[in-house]
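K.L.:
pasting the sequence and the predicted model now:
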Amino acid sequence: MQKDVRVPQSNVVGKESKGFKQLMHFFDITRIMVASQALGISQACLDTAVKYAKERTAFGSPIATYQATMTKVTEMAIKIESLRNLVYKAAWLVDSGNPDFTLSAMAKYLGGQTAVFCANAAMEIHGGYGYLEEYSVQKWYRDAKILELYEGTKEAEIMSIGKYLLR
């Protein structure tokens, strides 16, 4: 790491010595975008899993008729709808000029968890095919997992939300 680096005034972004605070404010907004990405991945996993479950047969019946499959898609749908409402509310508040950054952190936290849950469930519904490159669910699992890490880990989101709630 270099120290005492000189930056021309024309290249300074934001206010000097306020970089961390500015970055945190940036994350307050982009967390909604990450949560939206999670929502899209989650919905794609559900849509793909439902389609596959209707087409794939085991023991003479579509796997969609089995309780285990029904449970997985139902839990996916419930989590997705919860996430959708949280993302939409957080985005609406920003658009209306009344951002709630704790809600943004909640959306980001729930988004990562929902995307990972849905990607995992979709892979399980696909069985061994879920790992093959020909099936998109294997990529969505990797795409989902990173959502729990960047723009603030789930542990960082918990700290942010907890500090607000217990202030």
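P.N.:
Great, that's in hand. Numbering: from 1, shown residues only.

K.L.:
longest helix anywhere in the protein?
P.N.:
Using DSSP state H, we find that the single longest helix of the chain is helix 19-55.

K.L.:
for that one, packing partners?
P.N.:
Contact here means 3 or more Cβ pairs under 8 Å, 6 or more residues apart in numbering; DSSP states H and E; on that basis helix 19-55 packs against strand 61-62, helix 67-95, helix 101-126, helix 137-146. Any C-beta I mention is one placed from the backbone N, CA and C, and that applies to glycine too.

K.L.:
buried sites along it?
P.N.:
Within helix 19-55, the residues that qualify as buried are 27-28, 31-39, 41-46, 48-50, 52-53, counting by 16 or more other Cβ atoms under 10 Å.

K.L.:
likewise for stretch 116-128?
P.N.:
Val116, Phe117, Cys118, Ala119, Asn120, Ala121, Ala122, Met123, Ile125, His126.

K.L.:
setting aside sequence neighbours, what's the nearest residue to the fifth one?
P.N.:
Taking Cβ to Cβ, 6 or more residues apart in numbering, and ignoring the residues beside it in sequence, Asn120 has Tyr141 as its nearest neighbour in space, at 6.6 Å.

K.L.:
if we can go back for a sec, how far does the longest helix of the chain sit from the chain's center?
P.N.:
4 Å (Cα atoms, centre = their mean, to the nearest Å).

K.L.:
do stretch 2-9 as well
P.N.:
Between the mean C-alpha position of stretch 2-9 and that of its chain there is a distance of 36 Å (Cα atoms, centre = their mean).
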